[in-house]
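Engineer: Mind folding the following:
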Amino acid sequence: MRTIDLTPLYRSVVGFDRLADLLDSASSEAASGYPPYNIERTGENTYRIEIAVAGFKADDLALEVKENLLTVQGRKGATDEAKRYLHRGLAERSFERRFQLADFVVVQDAQLANGLLSVSLKRELPEALKPRRIEIGTPAPSAKESTLIEGEKAA
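Structural biologist: Numbers count the residues shown, from 1 in each chain. Below is the predicted model of the structure:
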């Protein structure tokens, strides 16, 4: 596995430490691929994260948003030791997945169906940041200009 040393970035830029932290945390989380997930853009300002959580019930899962960080946790209780598996292919281990959200992205809702946890997200820009159309006006003609124009029309 290839690692990236971000130390020169920290020494040479000011104010981009959050970006460097994001790159650093993304590279460290790439090693764990459990549970698998999809991030889908469903509209211009809407997104959906789908996480495969087979074997988990809604009570086993927890979602938390704090300072633009969405954390999804799955905690499994004690397994029934009376079961004797010939093959155990379902990973029912506890997990924690973190997603860094952009500014103004909020979680709308979360649904659990058919082993998939779907988290709906929406970008809600404040009115002050939304683009707005500015009407271009023309100045009213002065009295001198209006008589000159009317005189030309009469001739």
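
Engineer: What values do phi and psi take at the spatially most central residue of the chain?
Structural biologist: Centroid-nearest residue in the chain, with C-alpha atoms, centre = their mean: residue 101, separated by 3.9 Å. Residue 101 adopts backbone torsions of phi -100, psi 140, taken as degrees, to the nearest 10.

Engineer: That one and residue 121 touch, don't they?
Structural biologist: Yes - Residue 101 is within contact range of residue 121, at 7.1 Å (criterion: C-beta atoms under 8 Å). Placement of C-beta: from N, CA and C, glycine included.

Engineer: circling back: what score does the residue nearest to the centre of the chain have for pLDDT?
Structural biologist: On the pLDDT scale, residue 101 is placed at 93.

Engineer: ditto for residue 22
Structural biologist: pLDDT, read off for residue 22, is 70.

Engineer: Next one: residue 47 from residue 14, what distance?
Structural biologist: Remark: distance between residue 47 and residue 14 (C-beta to C-beta, to the nearest Å) = 31 Å.

Engineer: out of those two, which sits in the busier spot?
Structural biologist: residue 47 (19 against 6; other C-beta atoms under 10 Å).

Engineer: Residue 57: neighbour count?
Structural biologist: 11.

Engineer: what's the answer for the one 10 residues further on, then?
Structural biologist: Other residues near residue 67 number 6, with proximity taken as other C-beta under 10 Å.

Engineer: residues in contact with it?
Structural biologist: Contacts for residue 67 (C-beta atoms under 8 Å, 6 or more residues apart in numbering) come out as none.

Engineer: And the pLDDT at the closest residue to residue 40 other than its chain neighbours?
Structural biologist: Nearest residue to residue 40, sequence neighbours excluded (C-beta to C-beta, 6 or more residues apart in numbering): residue 48, at 4.7 Å. For residue 48, the model assigns a pLDDT of 97.
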